[in-house]
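Enquirer: Need coordinates for the below:
(chains A, B, C and D)
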Protein chains: 2
Amino acid sequence: MPDTQSSKPNTREAILDAAEAVVTEEGAGRLTIDAVVARSGFSKGGVLYHFPSKIALLEGMVARLMGTIEHDLEAAETAAEQAGEPVASHLLRVIADKRHLESDLPVALLAASAEQPHLLDPARALNQRLWERIREASNDPIQALILLLVIDGMSFNDLIKFKQFSDEDRAAVKARLIAMSEDLFQ
Amino acid sequence: MPDTQSSKPNTREAILDAAEAVVTEEGAGRLTIDAVVARSGFSKGGVLYHFPSKIALLEGMVARLMGTIEHDLEAAETAAEQAGEPVASHLLRVIADKRHLESDLPVALLAASAEQPHLLDPARALNQRLWERIREASNDPIQALILLLVIDGMSFNDLIKFKQFSDEDRAAVKARLIAMSEDLFQ
DNA sequence: GTCTATATCAAGATAGAC
DNA sequence: GTCTATCTTGATATAGAC
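Expert: Model (predicted):
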């Protein structure tokens, strides 16, 4: 997505900021264009100029979230290379990082995707690419997959507050995962 | 929930059937009272007599889904006892069973829970109870938790069509899980 | 690019007859 | 318990001025 309209891209960002604020502070169900308008300070017309529909707004939110995650992954990659450590385990660490899941933003996007299944396609693509990379870097693809699935299971449970984990459980699982990943990437 | 209004409980069920049909055939986003009205053949007033609000309807759907899952779990329990086998591994098998996740119903309820967080509480409670049981029956709680998390990860991915698994991957993971659960319940 | 004003509409919900 | 008819609201989107 080339941001060729370089005049004032900050309005777009401000609108996305407002949208995220609405979601995280008022809940996923309150994400309406009116709410974004109220919070951004812009008018309805102004908001709809940048995002002609609610779907466009949601797509913008997904795109920006994917961008930040991708950025983190690239940072982890260069860090791993500079440290001379296996890239895949650094990527795993980013995936396991709860930071991106701590807001209600992913929940909102998940909910919206029930109506607009295509909405999560960029996330699916990123996820798939990542999986391929880790799989190929491992010498035991099934073990790697299981590792990823444990992280997915934990993340999803956190996301929708399904299973509640104690800190002890978290730490113990993490330790077990590290043990499982020994010699997985060489 | 005592069904003391024994005159004609079938209308309720018919409405729930219609609601599920709407969700599975038209998608989660199309679940509106009007759609349920159209599909059930009842009038709006009739539907709203049984479920005074959309939330009430969703709660009814959750309750019924939990009921069927609970029923499956009890069946697995008695089957395990009669076969003299560990109950926990039979329960695990029910959890891993994709049957309940194959429709779009859980996706719809998940989406709705973004607006009504309490909606999934019965599911959370069932899930939690189940986890406690399996954990207590195991001689390695963390290993048991990891097992559950792999299943969760797989289920959630299937649910929202995130990672796509080949049949080979599925079979391989399953085999690995069975290996992991050896000697876990005695 | 941003604004105000307005059109449109779908959905949830109510009232009261039968 | 089920129906028809109607009310109300809140949200998406458009039109056109500035």
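
Enquirer: any idea how far the worst-scoring helix or strand of chain A on mean pLDDT is from the chain center?
Expert: Ranked by mean pLDDT, DSSP states H and E, the weakest helix or strand in chain A is helix A:105-115, scoring a mean of 92. Using Cα atoms, centre = their mean, to the nearest Å, the mean C-alpha position of helix A:105-115 is found 12 Å from that of the whole chain.

Enquirer: Give me the neighbour count for residue A:118.
Expert: Counted with other Cβ atoms under 10 Å in any protein chain shown, residues neighbouring residue A:118 total 11. (C-beta placed from N, C-alpha, C; glycine too.)

Enquirer: need the contact list for it.
Expert: When the contact criterion is Cβ atoms under 8 Å, 6 or more residues apart in numbering or on different chains, residue A:118 has no partners at all.

Enquirer: how close does it sit to residue A:112?
Expert: As judged by Cβ to Cβ, to the nearest Å, residue A:118 and residue A:112 stand 11 Å apart.

Enquirer: any shared contact partners between these two?
Expert: Residues touching both residue A:118 and residue A:112 (Cβ under 8 Å, 6+ apart): none.

Enquirer: mind listing the helices for chain A?
Expert: Here chain A has its helices, by DSSP state H, at A:10-26, A:33-40, A:44-50, A:54-83, A:87-96, A:105-115, A:121-137, A:141-159, A:167-180.

Enquirer: Of all these, which one is nearest residue B:161?
Expert: Among the helices of chain A, helix A:121-137 comes nearest to residue B:161, with 7.2 Å by Cβ to Cβ.

Enquirer: Helix B:141-159 and the closest one, what's the angle between them?
Expert: For helix A:121-137 against helix B:141-159, the angle by axes from the mean of the first three to the mean of the last three Cα atoms, to 10 degrees is 130 degrees.

Enquirer: What are the contacting residues of stretch A:179-186?
Expert: Contacts for stretch A:179-186 (Cβ under 8 Å, 6+ apart): A:86-89, A:92, A:137-140, A:143-144, A:146-147.

Enquirer: Any idea how far apart the tips of it sit?
Expert: End-to-end distance of stretch A:179-186 (Cα to Cα, to the nearest Å): 14 Å.

Enquirer: burial of the closest residue to residue A:141 other than its chain neighbours, as a residue count?
Expert: Spatial nearest neighbour of residue A:141, chain neighbours left out: residue A:135 (4.9 Å); criterion: Cβ to Cβ, 6 or more residues apart in numbering or on different chains. Residue A:135 has 16 neighbouring residues, counting by other Cβ under 10 Å.

Enquirer: Same question for the one 5 residues further on.
Expert: In terms of burial, residue A:140 registers 16 neighbours under the definition other Cβ under 10 Å.

Enquirer: residue contacts, it?
Expert: Residue A:140 is in contact with residue A:184, counting by Cβ under 8 Å, 6+ apart.

Enquirer: Please report how far it lies from DNA strand D.
Expert: Going from residue A:140 to DNA strand D by Cβ to the nearest atom of the strand, to the nearest Å gives 47 Å.

Enquirer: Kindly state the beta-bridge partners for the nearest residue to residue A:144 once chain neighbours are set aside.
Expert: Using Cβ to Cβ, 6+ apart and skipping residues adjacent in sequence, the residue nearest residue A:144 is residue A:138, 3.8 Å away. Residues in a beta bridge with residue A:138, per DSSP bridges, are residue A:185.

Enquirer: Check whether residue A:138 really touches residue A:88, as I assumed.
Expert: Yes: between residue A:138 and residue A:88 there is a contact under Cβ atoms under 8 Å: 6.5 Å.

Enquirer: Mutual contacts of these two, please.
Expert: Among the neighbours of residue A:138, those also in contact with residue A:88 (Cβ under 8 Å, 6+ apart) are A:144, A:184-185.

Enquirer: right, and the pair among the contacts of stretch A:179-186 with maximum separation?
Expert: A:87 and A:146 (19.6 Å).

Enquirer: Those two - which one has more neighbours?
Expert: Shown here are residue A:87 and residue A:146; by other Cβ under 10 Å, residue A:146 has more neighbours (24 against 18).
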